[in-house]
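In: What would the 3D arrangement of this be:
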Amino acid sequence: MNLYRQAAALLALAGIAMSQPVLAAPAVATPVTAQTPSTPFVDDPARVAVEQFLLRQAGGLPGKVSVQVGTPSGGRAPECVDPQPFLPPGAAPYGRVNVGLRCGGDRPWTRYMQARVSVLTDYYVAARAMGPGETITAADLEVRQGDLAMLPRAVVTDPSQVDGAVSANRIAAGSPMRTDLVRKPIAVKSGQTVNVTVEGDSFQLSSEGKVLTDAATGNMVQVRLRNGQVVSGLVRSGDTVVLQQ
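Out: Numbers count the residues shown, from 1 in each chain. Presented below is the predicted three-dimensional model:
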């Protein structure tokens with residue numbers, strides 16, 4: 001009788017049962033599932049091309065520009081070789097835009113991607129109510145800040161755009177100032193006598209004439225000369241018209 005049996009016999013006499021040794025359960029391997037990247041289109045050359053294209057297009061806009069290019073729906077689109085972005089005719093380079101991509105390769109094709117271009121900029125509102133014909137100065141404007149895409153197309157972003165202009169319509173206090181709500185002040189009036197000049201590389205000739213219609217500085221106007229001839233010229237100031245050669 002070995003030692004185990006001897007110990008079992010002694011414990012049995014004492015009324016104590018001896019348990020069989022418990023074996024550890026074998027380890028079970030848990031399979032690991034591979035994760036799909038959350039942004040599988042980050043390195044898509046088409047999206048990179050669209051983003052850079054829109055940043056260039058918006059480079060001349062006033063304010064801070066940011067671009068978000070949408071992710072194609074329905075899975076990954078076919079590869080666009082040598083993408084050449086373009087905007088449809090008449091499309092503005094800010095707000096929600098639909099950008100075309102000409103794709104090269106053996107079988108050239110065209111695709112479209114949606115994007116949003118935000119332009120955070122200063123713009124100006126009317127500091128007071130103004131009636132038609134009132135001259136506008138910098139004191140009549142108050143600055144605000146907003147996204148250019150959410151503002152009227154003709155909104156004023158620089159006071160010099162309307163400084164000295166005249167309101168063409170009623171403008172409510174607090175409303176965005178727009179260049180289509182103002183006009184240049186009248187510089188010459190119908191019947192007014194003005195100096196009429198012709199300028200060349202090495203000469204300048206002057207005469208006098210009467211203006212036939214009201215006109216603002218920088219606008220074209222017709223003038224009747226002393227000999228009765230009617231000519232067209234550019235209003236340079238309140239008393240000078242320069243003939244166009």
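In: How confident is the prediction for Val65, by pLDDT?
Out: At Val65, the pLDDT value in this model is 93.
In: what are the bridge partners for it, then?
Out: On the basis of DSSP bridges, Val65 is bridged to Val119.
In: Count residues in the vicinity of the residue nearest to Val188 when sequence neighbours are not counted, would you?
Out: Sequence neighbours aside, Val211 is the residue nearest to Val188 in space, at 4.7 Å (criterion: CB to CB, 6 or more residues apart in numbering). Quick note: C-beta positions are derived from backbone N, CA and C, even for glycine. Neighbourhood size, Val211 [other CB atoms under 10 Å]: 22.
In: thought Gly131 was touching Ser167?
Out: Yes: Gly131 lies in contact with Ser167 (CB atoms under 8 Å); the separation is 6.9 Å.
In: neighbour count winner among those two?
Out: Ranked by neighbour count (other CB under 10 Å), Gly131 and Ser167 place Ser167 first, with 20 against 9.
In: mind checking how far that one is from Thr217?
Out: From Ser167 across to Thr217, the span is 17 Å (CB to CB, to the nearest Å).
In: and if you look at Val241?
Out: 11 Å.
In: now do Glu208
Out: Taking CB to CB as the measure, Glu208 falls 19 Å from Thr217.
In: who's more crowded, those two?
Out: Thr217 (16 against 11).
In: Please give me every residue in contact with the more buried one.
Out: Contact partners of Thr217, counting by CB atoms under 8 Å, 6 or more residues apart in numbering, are Lys184, Pro185, Ala187, Val235, Arg236, Ser237, Gly238.
In: Pull the most distant pair out of the residues you listed.
Out: Pro185 and Arg236 (14.4 Å; CB to CB).
In: Give me the contacts around stretch 223-234.
Out: So stretch 223-234 is in contact with 194, 196, 207-212, 218-222, 241-244, going by CB under 8 Å, 6+ apart.
In: Pull out the buried positions in it.
Out: Val223, Val231, Gly233 (16 or more other CB atoms under 10 Å).
In: quick check, nearest of those to Asp201?
Out: Once CB to CB is applied, the member of the buried residues of stretch 223-234 that ends up nearest Asp201 is Gly233, at 18.5 Å.
In: Next one: that closest one from Ser207, what distance?
Out: Distance from Gly233 to Ser207, by CB to CB: 11 Å.
In: which residues are in contact with both of the two?
Out: Residues touching both Gly233 and Ser207 (CB under 8 Å, 6+ apart): Val196.
In: In helices only, show me the contacts of stretch 223-234.
Out: Using DSSP state H, no member of these falls in helices.
In: Show me where this protein has its helices.
Out: So, for the chain - with DSSP H - the helices run 3-13, 45-57.
In: All set now, cheers.
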